[in-house]
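[1] Quick one, what's the 3D model for this:
(chains A and B)
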Amino acid sequence: MKRKSINWFKIRIIFISSLLFICFVFIVGRMFQLQVLKKEQLYKLAAQQHHVQTPFVPKRGTIYDRKENELAVSIEVDSVYADAGKVPEIEKIVNALAPILQIDREELKQRLRSRKSFEWVKRKISPKETDEIKALNLPGIYFLKENRRFYPNSQLAAHVVGFVGLDSKGLEGVEFQYDALLNGENNVWMVGRDAHGREIVIGDAAFKKEDHCRNIFLTLDKPIQHVAETELSLAIERWGAKGGMVIAMDPQTGKVLAMASYPSFNPNLFIQYRCKNWRNRAICDTFEPGSIFKVFLAAAVLEEKVIRPSDSFFCENGSYTVYDRTIHDTSKHGWLTFQQIIKYSSNIGASKVGEKLGKERFYRYITAFGFGEKTRIGLPGEAKGIVHHPRYWPPVALDTISFGQGISVTGIQLVTGLSAIANGGLLMRPYVVERITNEKGEAVQSFQPKVVRRVTSEETAKKVTALLKATTERGGTGEGAVPMGYEVAGKTGTAQKVDPLLGGYSEDRYTSGFMGFAPSDDPTLVLLVVIDEPQRFTHGGVVAAPVFKTIMEKVLPYLNVFPKGTMIVKNGTDALPTREASATGTFTEGVKVRKVSEKLVMPDLTGLSMRNALSRIEGKGLIIKFSGNGKVVEQIPKAGAVVEKGDICYLKFRSSS
Amino acid sequence: MSKKFNLFLTFTLLMLLFIGGSLFYVWSRIQVIQVGYEISNALKEERALAEANKKLRVEIATLKSYARIEKVAVEELKMTKPKPDQVIVIR
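    Numbering: from 1, shown residues only, chains lettered A, B, ... in the order given. Presented below is the predicted three-dimensional model:
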């Protein structure tokens, strides 16, 4: 019997085929497991490994002044943190970091001993510190990008701009008020990552371009703000005062061009200052305005036609008793017209005028000018002052409020009220934010001048302006407030402060102020200067008026309002100098248009007629001022003196008959 | 014979086409990845430049601070404010 031979070849084929089949089944099974059963989980895992999520530090919008000068900007800086678990030798790391970052060694040691995976070492460090630490290549020490707010002008407009805390949260001023708009959204930057950890863009994985943070443009003007702050602090140092404020406003629109408070602070280092320095006194502090308030009494009585500027009142020779109170004047006056009452700032006269007006009507005007309510300027912490209803006025209140005692106002209310006089009777809403733009610079919101209400007629406003102009003329209380070449309308104020301990008014603590506008015939700028508790001298005309004068002197030419007699040369090929008094178009009498010329010798003009004299010096570029008529009897500079264009030449004429 | 040869030729051509296509595909993927790297680097560079630009702007703003300019003008350059009659406005 022949044994059936085994077909090994066939067996091998079957074996291999089965093996391959099992492998195939195994592979298909595994694929099913990976692709179907564990699909979600593995996709997530892969995405985690392939994609890097870089948290994109939310930007914070920039704050500009109205000429696009940066007042607050955010820049990216590094913050150092430690993965305490990965720090091998705490002592060594602390010794390396502490001298660079100037931080407390013990505190850092304690934090590192906690072995937490995230511990701040120091936040928002300088680029130099970053470089130094990176060079050391310390284990367990890492960096994170954060935004740091930076105020390039330090103290400039600190009270208006405000500041932000460590977590980019606005804490004061515009930074606080517009925090939600300034802050962008938290974005994540998605990029791919290869096996070596290098970033790679796959598809549309880039981050969203829009940051949603808004830039804010203020109405403040950096040069005006600088002048206001500098002059305020100089005056406060000079008079040893406790504090003060300056507010500059465009009366036609209500735009606040400058708002300065003293004491001030540097918002870059705000934490180093006492919180009283952070307070924006111009809107937060209420005070008794004193004689400045007579402006509004004048507006009320003239609008109501209760009296005329020429009506006379007896000023009781400096002492006037009303009920239980005796009102005093700084200098004794007998009969004064209403115009003189304002000019010499007589309290007794103002009381009597107030009595004629009556408390109901006076109250109506006080509230119409915006006192006793917030101006809604758009800054945090605004006070509304204290204005009681006449029903609660004690009998003497009408008299005292007439000269600004027994009423409490804020600086911004005073400036807004005076702006209403300056612009012809319209109370404007003051504002500090001009427009809000997006990242691309397109305006998303812009603020326009807004009329709150008409308070007086144009005619009354002109009459009040005339009264205020008289105050700054020779002999008036505000004569020290007039810069050369301009006409100013304004009012001084010296208010006794309330003594918080004894009650009643203090004998030695005063608030001195001056408030006015210029040029008086076409007001460009309304300015309030308040000095709190000046020493030695207290009168507003001595303490605050010179500050007003200096600020106006520096700011008006910047606003293209030049003093009378300024030479204006057209920068063309034929360079013709023209002499303009100001942008308002008023020319100084006796000043002619002349051609530019070089140095020359002054000719002798004595005895010449006006026509001859003028033709002799015509075309030399001299500023010619003359008085009288007839023949030249006197000339300055004298004949033979070397003069050049722009020099002033005075000619005195006298008729020979 | 010629029929067999034609079949072989067709097969070879198809194979070459397939291999060529595959190589082209791989090459294009490599290019995409390469460009991805370049874009990534360019984006990084853009961010760094934008930040550097911002820091320079801040520096300009700091240098333009009026308090500083006034100090330099008065103390270093010994400049003084002109009197009103010394001012000539050029337009």
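[2] For the nearest residue to A:Thr465 once chain neighbours are set aside, give its distance to A:Glu618.
    Nearest-residue entry for A:Thr465: A:Ala489, 4.9 Å, with adjacent residues in sequence omitted and distances by CB to CB, 6 or more residues apart in numbering or on different chains. Glycine gets a C-beta too; all of them are placed from N, C-alpha and C. When distances are taken as CB to CB, to the nearest Å, A:Ala489 and A:Glu618 turn out to be 36 Å apart.
[3] A:Ala466 now?
    37 Å.
[4] about what we covered before: pull the contacting residues for the residue nearest to A:Thr465.
    Listed by CB atoms under 8 Å, 6 or more residues apart in numbering or on different chains, the contact partners of A:Ala489 are A:422, A:465-466, A:468-469, A:471-472, A:516-518, A:520, A:523.
[5] One more: A:Asn629?
    Applying CB under 8 Å, 6+ apart to A:Asn629 gives the contacts A:610, A:653-655.
[6] in chain B, what residue is nearest chain A?
    Scanning chain B for the residue nearest chain A gives B:Ala61, at 3.6 Å (criterion: CB to the nearest CB).
[7] burial measure for that residue, as a count.
    20 (other CB atoms under 10 Å in any protein chain shown).
[8] Equivalent analysis for A:Asn7, please.
    By the other CB under 10 Å criterion, the neighbourhood of A:Asn7 contains 10 residues.
[9] Against chain B, how distant is it?
    With distances defined as CB to the nearest CB, to the nearest Å, the gap from A:Asn7 to chain B amounts to 34 Å.
[10] Can you pull the phi/psi pair for that residue?
    A:Asn7 has phi and psi values of phi -90, psi 80 when expressed as degrees, to the nearest 10.
[11] next one: A:Phe217
    Backbone torsions for A:Phe217, taken as degrees, to the nearest 10, come to phi -110, psi 120.
[12] and it, bridged to which residues?
    Beta-bridge pairing of A:Phe217 under DSSP bridges involves A:Tyr64, A:Arg435.
[13] thought it was touching A:Val432?
    No - distance between A:Phe217 and A:Val432: 10.2 Å, which falls outside the contact criterion (CB atoms under 8 Å).
[14] Out of those two, name the residue with the larger neighbour count.
    Neighbours per residue (other CB under 10 Å) separate A:Phe217 from A:Val432, with A:Val432 holding more: 24 against 21.
[15] give me phi/psi at the residue nearest to the more buried one when sequence neighbours are not counted?
    Computed as CB to CB, 6+ apart, the closest residue to A:Val432 that is not its neighbour in sequence is A:Val256, at 5.0 Å. Backbone torsions for A:Val256, taken as degrees, to the nearest 10, come to phi -80, psi 120.
[16] give me every residue that touches A:Val256.
    The neighbourhood of A:Val256, defined by CB under 8 Å, 6+ apart, consists of A:160, A:219-220, A:247-249, A:377, A:412, A:430-432.
[17] Just send the residues you listed back as CSV, with secondary structure too.
    Conversion of the contacts of A:Val256 to CSV gives the following (DSSP: H, G, I helix; E, B strand; the rest coil):
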residue, secondary structure
A:Val160, helix
A:Thr219, coil
A:Leu220, coil
A:Ile247, strand
A:Ala248, strand
A:Met249, strand
A:Ile377, coil
A:Ile412, helix
A:Pro430, coil
A:Tyr431, strand
A:Val432, coil
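[18] circling back to that earlier point, you'd agree the residue of chain B closest to chain A is in a helix?
    Yes - according to three-state DSSP, the state of B:Ala61 is that of a helix.
[19] wouldn't it be in contact with A:Ala72 here?
    No - contact status for B:Ala61 versus A:Ala72: not in contact, 9.9 Å apart, counting by CB under 8 Å.
[20] Who is A:Val77 paired with across the strands?
    Checking A:Val77 by DSSP bridges, which sets the bridge assignment, gives partners A:Glu146.
[21] typed the wrong thing, it's A:Val643
    Following DSSP bridges, A:Val643 is listed with bridge partners A:Leu600.
[22] how close does it get to chain B?
    Using CB to the nearest CB, one gets 13 Å for the distance from A:Val643 to chain B.
[23] need the contact list for the residue of chain A found nearest chain B.
    The shortest separation between chain A and chain B is 3.6 Å, found at A:Pro152 (distances taken as CB to the nearest CB). Counting by CB under 8 Å, 6+ apart, A:Pro152 touches A:70-71, A:73, B:58, B:61-62, B:64-65.
[24] Compute the distance between the residue nearest to A:Val432 and A:Leu144, please.
    Using CB to CB, one gets 39 Å for the distance from A:Val256 to A:Leu144.
[25] my guess is A:Lys242 meets A:Asp532, correct?
    Yes - in this structure, A:Lys242 is within contact of A:Asp532 by CB under 8 Å, at 4.8 Å.
[26] Between these two, which is the more surrounded one?
    Neighbours per residue, other CB under 10 Å: of A:Lys242 and A:Asp532, the larger number sits with A:Asp532, 21 against 16.
[27] circling back to that earlier point, and the residue nearest to A:Val432, what are its bridge partners?
    Assigned bridge partners for A:Val256, using DSSP bridges, are A:Met249.
[28] Give me the pLDDT value at it.
    The predicted structure scores A:Val256 at 96 on the pLDDT scale.
[29] With A:Asn186 instead?
    pLDDT, the model's per-residue confidence, is 66 for A:Asn186.
[30] about what we covered before: now that we have the contacts of A:Val256, can you turn them into a markdown table and tack on pLDDT and distance to A:Lys122?
    Formatted as a markdown table, those follow (pLDDT from 0 to 100; distance: CB to CB, whole Å):
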| residue | pLDDT | distance to A:Lys122 |
| --- | --- | --- |
| A:Val160 | 96 | 30 |
| A:Thr219 | 96 | 38 |
| A:Leu220 | 96 | 34 |
| A:Ile247 | 96 | 40 |
| A:Ala248 | 96 | 41 |
| A:Met249 | 96 | 43 |
| A:Ile377 | 94 | 38 |
| A:Ile412 | 96 | 40 |
| A:Pro430 | 96 | 42 |
| A:Tyr431 | 96 | 40 |
| A:Val432 | 96 | 35 |
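[31] Tell me if I am right that A:Thr460 is in a helix.
    Yes - per three-state DSSP, A:Thr460 lies within a helix segment.
[32] neighbours around residue 11, how many?
    If you meant another chain, say so; for now it's chain A. Count around A:Ile11 with other CB under 10 Å applied: 10.
[33] actually chain B
    10.
[34] Just confirm it is within a strand.
    No - remark: B:Phe11 does not belong to a strand; assigned using three-state DSSP, it is helix.
[35] Against A:Lys169, how distant is it?
    73 Å.
[36] hey, where'd the strands end up in chain B?
    For chain B, the strands defined by DSSP state E occupy B:88-90.
[37] got any ranges where the chain has weak pLDDT?
    The chain I'm using is chain A. Low-confidence segments of chain A, defined by pLDDT under 70, are located at A:1-3, A:52-57, A:186-191, A:197, A:201-211, A:570-599, A:656-657.
[38] The chain in question should be chain B.
    Per-residue confidence of chain B (counting by pLDDT under 70) places the weak regions at B:1.
[39] re earlier: can you tell me the closest non-neighbouring residue to the residue of chain A closest to chain B?
    When the adjacent residues along the chain are set aside, A:Pro152 lies closest to B:Ala61, with 3.6 Å between them (CB to CB, 6+ apart).
[40] So which residues on the stretch 501-650 of chain A come close to chain B?
    With the criterion set to CB under 8 Å from any CB of the partner chain, the stretch 501-650 of chain A comes near chain B through A:553, A:557, A:562-563, A:565-571, A:577, A:623, A:646, A:648.
[41] Can you flag the buried ones in the residues you listed?
    Of all those considered here, the ones buried according to neighbour count by 16 or more other CB atoms under 10 Å in any protein chain shown are A:553, A:557, A:562-563, A:565-569, A:577, A:623, A:646.
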